[in-house]
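Undergrad: sharing a sequence plus its predicted fold:
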Amino acid sequence: VALIWIAILFGTALWAEKRSVLLEGYWHHIYSLSLAVYCTSWTFYGTVTQALHSGWPIPPTFIGSILFYVFAFSFMRKLLSLVQEHNATSIADLIASRLGRDSALAAIITAVAVIGIVPYIALQLQAITMSYGMLIGKYQPATEIWKDSALYIALVMAAFAMLFGTRSASVSERNRGLVLAIAVESILKLGAMLALGLYVWLNFDMGNPVPEEIRYRGSDGFPALIVLGAFAMFTLPHQFHVGFIESNDACDLRTARWMFPAYMVLIAIPILPLALAGHHELSASGVASDLYVMALPLSKGDSGMALLAFIGGLSAATGMVIFSTLALSVMISNHWLTPIWLKAAWSNTSSDQFGNLSQSLLLARRIGIILLIMLAWGYSRASGNSNVLADIGAVSFSALGTLAPAVGYAVWRPETPARSVLIGLLGSVFIWFWTLLLPVLAEGFDFHSNWFIYGPMSLQWLAPDHFLWLEGWRRLSRSVVLSLLVGSV
């Protein structure tokens, strides 16, 4: 069934490539729907856990993205204008172009994007594997590589991205087929989520009050997630690509300004009811809250509705994985590999040499897509069932959020020395690594050390959870505030 749905998306993209003229009259709406690539498989799984932890009707990252589209329209229009003016192909390309065309800055931004996105891709693959296991009633991580279903799903996604994203060495060419395919999968996952919400409303007792342990958790730590949700609209590589590279003009943004927030509200409506119904019906049986959307219909023996939930999550994961690997492969080839090959080409300036360079770039992008997919799949297998994946969405968002100050300098203060922005970015990434990633990894892999508590050289104020005497802060909030402060000054 999963392969059939991916084949349908493939056929949609192929049809759009051959008949792109027919789409022009509807492009504003197609573009707006494609922005929902932001809603990954964890819209079906992880946001239910978020709702269970807070009692909020809309996930905080959704609130951030909605506020961004409602109130930051002038910034989006400025960003789109700069992308088109500089013919930028990625967030790294735009920042480097505005700040003196500094190749080192572009290369470091690419590295930060890879560090932030690869775990997020792994999260999609893990979600597919877990939901498939629940659907067939026997989830166990595959001990043998060739029996891991996530591997084959990942390879199919990679083939999809390579076929439609690496046809030409020109990165300015838009991917109309892929954008339409993402718009179609956005409609499916919205329909699936709304159907699940209606199913829960009709088949479960929704008169139970929100449990006190949920109500009293409130908004603890959520302001940071709201900020990261807003930043994600231009720091996630795939979101930047769909939002600004694939846009025709500001008219697209005007349609998206109302259509995308409306979509986000609609897809969020069933999340809290799913969380509360799952908590009431399944918490005693030990079912993980991430899997409530699958477990609730299965508890009633409704495998058809569970299959719809699985297809919705798979569809959401597919769009994100395809566009993120495509966007990152362009960044890797442009800012890591191309400078090396150009130096080699300059030693032999014949036309044949540069013709070969064009083919080499295409090959580099295809290899990059495969490597990114395999790296994410390897990360997913290495993590297994550890708790590292529980918070990896927030960890990935916060890693990519360190790029926000650099984007701000590129948009409003392009006269800023590139080296200053680079130093600020490196400092910001270090703060993120020290105060968030390191303790999360240590907990996930059950690593204990005294200096995590007492700090290096017994300086407790340097310990990750006591950094700068901010031990009263939530870990994510501390990391986001400090990393953004370091990156901005």
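TA: Everything's here; your move. As the structure is a computational prediction, the values presented were derived from the model and not from experiment.

Undergrad: ranges for the helices of the stretch 351-489 of the chain?
TA: Using DSSP state H, counting those that start in this stretch, the helices of the stretch 351-489 of the chain run over 351-383, 392-401, 404-412, 418-432, 438-444, 450-454, 475-488.

Undergrad: identify all contacting residues around stretch 252-264.
TA: If you take CB atoms under 8 Å, 6 or more residues apart in numbering as the criterion, stretch 252-264 is touched by 27-29, 31-33, 35-36, 39, 58, 62, 65-66, 69-70, 73, 76-77, 80, 186, 190, 243, 247. To be clear about C-beta, it is placed using only N, CA and C from the backbone, and glycine gets the same treatment.

Undergrad: do the same with stretch 294-303
TA: Contacts for stretch 294-303 (CB under 8 Å, 6+ apart): 131, 134-135, 196, 199-200, 203-204, 274, 277-278, 281-282, 287, 304-306, 309-310.

Undergrad: correct me, but residue 134 touches residue 291?
TA: Yes. Residue 134 is within contact range of residue 291, at 5.5 Å (criterion: CB atoms under 8 Å).

Undergrad: which one of the helices of the stretch 351-489 of the chain is the most hemmed in?
TA: Highest mean neighbour count of these: helix 392-401, a mean of 24 (counted as mean count of other CB atoms under 10 Å).

Undergrad: wait, residue 107 touches residue 335, no?
TA: Yes. Residue 107 is in contact with residue 335 according to CB under 8 Å; the separation is 4.9 Å.

Undergrad: hmm, back to that, ok, residue 134 and residue 291, which is more surrounded?
TA: residue 291 (23 against 20; other CB atoms under 10 Å).

Undergrad: give me every residue that touches the more buried one.
TA: 45, 130-131, 134.

Undergrad: what does residue 150 give?
TA: 125-126, 128-129, 377, 380.

Undergrad: how about those, which pair is most distant?
TA: 128 and 377 (10.8 Å; CB to CB).

Undergrad: re the thing from before, please list only the buried members of the contacts of stretch 294-303.
TA: When these are checked for burial by 16 or more other CB atoms under 10 Å, the buried set is 131, 134-135, 196, 199-200, 204, 274, 277-278, 281-282, 287, 305-306, 309-310.

Undergrad: now, those that are in helices?
TA: With DSSP state H as the criterion, helices contain 131, 134-135, 196, 199-200, 274, 277-278, 281-282, 305-306, 309-310 from among the buried ones among the contacts of stretch 294-303.

Undergrad: show me which of those residues is closest to residue 51.
TA: For these, the nearest to residue 51 is residue 274 (7.6 Å; CB to CB).

Undergrad: if I look at the closest one, how far off is residue 242?
TA: Spatial separation of residue 274 from residue 242 under the definition CB to CB, to the nearest Å is 27 Å.

Undergrad: can you check residue 486 too?
TA: In terms of CB to CB, residue 486 sits 29 Å off from residue 242.

Undergrad: which SS state does residue 101 fall under?
TA: Under DSSP: H, G, I helix; E, B strand; the rest coil, residue 101 falls in the coil class.

Undergrad: what pLDDT does it get?
TA: You'll see residue 101 listed with a pLDDT of 91.

Undergrad: and it, how many neighbours?
TA: Count around residue 101 with other CB under 10 Å applied: 12.

Undergrad: again with residue 7
TA: Using other CB under 10 Å, the number of residues around residue 7 comes to 12.

Undergrad: with the one 4 residues further on instead?
TA: The burial metric for residue 11, expressed as a neighbour count using other CB under 10 Å, is 12.

Undergrad: can you find the helix or strand in the protein with the smallest mean pLDDT?
TA: Within the chain, confidence by mean pLDDT, DSSP states H and E is lowest for helix 212-215 among all helices and strands, at a mean of 58.

Undergrad: which parts of whichever helix or strand comes after that one are buried?
TA: Using DSSP states H and E, the helix or strand that follows helix 212-215 in sequence is helix 222-235. Across helix 222-235, burial judged by 16+ other CB under 10 Å covers 222-235.

Undergrad: who's in contact with the very next helix or strand once past helix 222-235?
TA: For helix 222-235, the following helix or strand on the C-terminal side (DSSP H and E) is helix 237-240. With contacts defined as CB under 8 Å, 6+ apart, helix 237-240 is touched by 35, 37-38, 90-91, 113, 117, 232-234, 320, 323-324, 326-328, 331, 400.

Undergrad: tell me the mean pLDDT for helix 237-240?
TA: For helix 237-240, mean pLDDT rounds to 96.

Undergrad: which positions in the helix or strand following that helix come out as buried?
TA: Using DSSP H and E, the helix or strand that follows helix 237-240 in sequence is helix 250-268. Using 16+ other CB under 10 Å as the test for burial, helix 250-268 gives 252-253, 256-257, 259-261, 263-264, 267-268.

Undergrad: same question for stretch 74-93.
TA: 75-76, 79-80, 82-84, 88-93.

Undergrad: gap between the two ends of it?
TA: End-to-end distance of stretch 74-93 (CA to CA, to the nearest Å): 21 Å.

Undergrad: cool, stretch 12-23 as well?
TA: 12 Å.

Undergrad: and it, what's buried?
TA: 12-13, 16-17, 23.

Undergrad: tell me the average confidence for it?
TA: For stretch 12-23, the mean per-residue pLDDT is 81.

Undergrad: what residues does it touch?
TA: Contacts of stretch 12-23 (CB under 8 Å, 6+ apart): 30, 160, 164, 176-181, 184.

Undergrad: which members of these define the maximum pairwise distance?
TA: Taking CB to CB, no two of the contacts of stretch 12-23 sit farther apart than 30 and 160, at 18.2 Å.

Undergrad: if we can go back for a sec, which of the buried residues of stretch 12-23 sits closest to residue 52?
TA: Taking these together and measuring to residue 52 by CB to CB, the closest member is residue 12, at 34.7 Å.

Undergrad: quick check: which element contains that closest one?
TA: Residue 12 is located in helix 2-18, with elements delineated by DSSP H and E.

Undergrad: gap between that helix and the chain center?
TA: 22 Å (CA atoms, centre = their mean, to the nearest Å).
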